[in-house]
Structures are given as C-alpha cells and as structure tokens.
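Asks: Provided below are the primary sequence and the corresponding predicted coordinates.
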Amino acid sequence: MPEARLAVVIDGTPLPPDEARVLWDRFSTHMDAHSGDLAGFARAEGFASVHPTAEGGRAILLISRTEAQRPYGSPQTPGGSMGGSTMGQGAPTRRKKRR
C-alpha cells in the first residue's frame, strides 16, 4: 500500500490516513478563507499550533497542544520532533478529486 501524500502528526503521533485527510480538508478550507492564519486554525481545532511542512514528497501538518505558533514559513527549531523543510509561502494547494 503506497504511503499517503498528506499526513498529520499531533505531538509526535501520526494520525491514521483517513483522519489526516479529513483534517487536511478542514485546514485547506480555513486557509482558503483566512490566508496565512495558522494560529486561527490551531485555535479553532483546540491546538496551540499548526506548522505545515514537507518531507519526502509528502505534505505534513505538525500539530501541537503545547508548542507556540510560529509565523508561516519560519524555520523549524533545532531538535524538533519532526525534521523537514517548511513549505514557504502560502498553504498547499488543494487538488480536485479524481473520479
């Protein structure tokens, strides 16, 4: 089974692929309506922060219940729970579902 292209990790624990996809949908909808508002999305979902990143061709939302929100595109702190580069400018674009 191929690895999902979208992932969510909450405080170091990966969500199952189906749950990750649903959370990514909510994240994309929020970011479409409120460009760059990571803190607002985190608050609305009951988290302290959300940090989009990319690793190995996968888009990953790193979510924390305790870690402070950083500005969009700021570098990861050394020794963080997940490596990888930040996604730079803007939210990942949503692709239309294939039928």
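Replies: In hand now; what should we look at?
Asks: what about the protein, any weak spots by pLDDT?
Replies: 1-2, 73-99 (pLDDT under 70).
Asks: what about the strands in it?
Replies: 6-10, 13-14, 49-55, 58-64, 85-86 (DSSP state E).
Asks: contact partners for the residue most central in space within the chain?
Replies: The residue lying closest to the centre of the chain (C-alpha atoms, centre = their mean) is Leu61, at 2.0 Å. Residues near Leu61 by C-beta atoms under 8 Å, 6 or more residues apart in numbering: Ala7, Val8, Val9, Ala20, Leu23, Trp24, Phe27, Val50, His51, Pro52, Thr53. The way it works is simple: take the backbone N, C-alpha and C, and place the C-beta from them, glycine included.
Asks: which single one of those residues is nearest to Arg65?
Replies: The nearest member of the contacts of Leu61 to Arg65, counting by C-beta to C-beta, is Val50 at 10.9 Å.
Asks: please name the spatially closest residue to that closest one (chain neighbours excluded).
Replies: Leaving aside its chain neighbours, Val50 sits nearest to Ala42 (4.5 Å; criterion: C-beta to C-beta, 6 or more residues apart in numbering).
Asks: just checking, the one you found touches Gln69?
Replies: Yes: taking C-beta atoms under 8 Å as the definition, Ala42 is a contact partner of Gln69 at 6.1 Å.
Asks: tell me the spacing between the residue nearest to Phe47 when sequence neighbours are not counted and Gly56.
Replies: Distances taken as C-beta to C-beta, 6+ apart put Ile63 closest to Phe47, at 5.2 Å, once the chain neighbours are dropped. Distance of Ile63 to Gly56, given as C-beta to C-beta, to the nearest Å: 19 Å.
Asks: I'm done for today, thanks for sticking with me.
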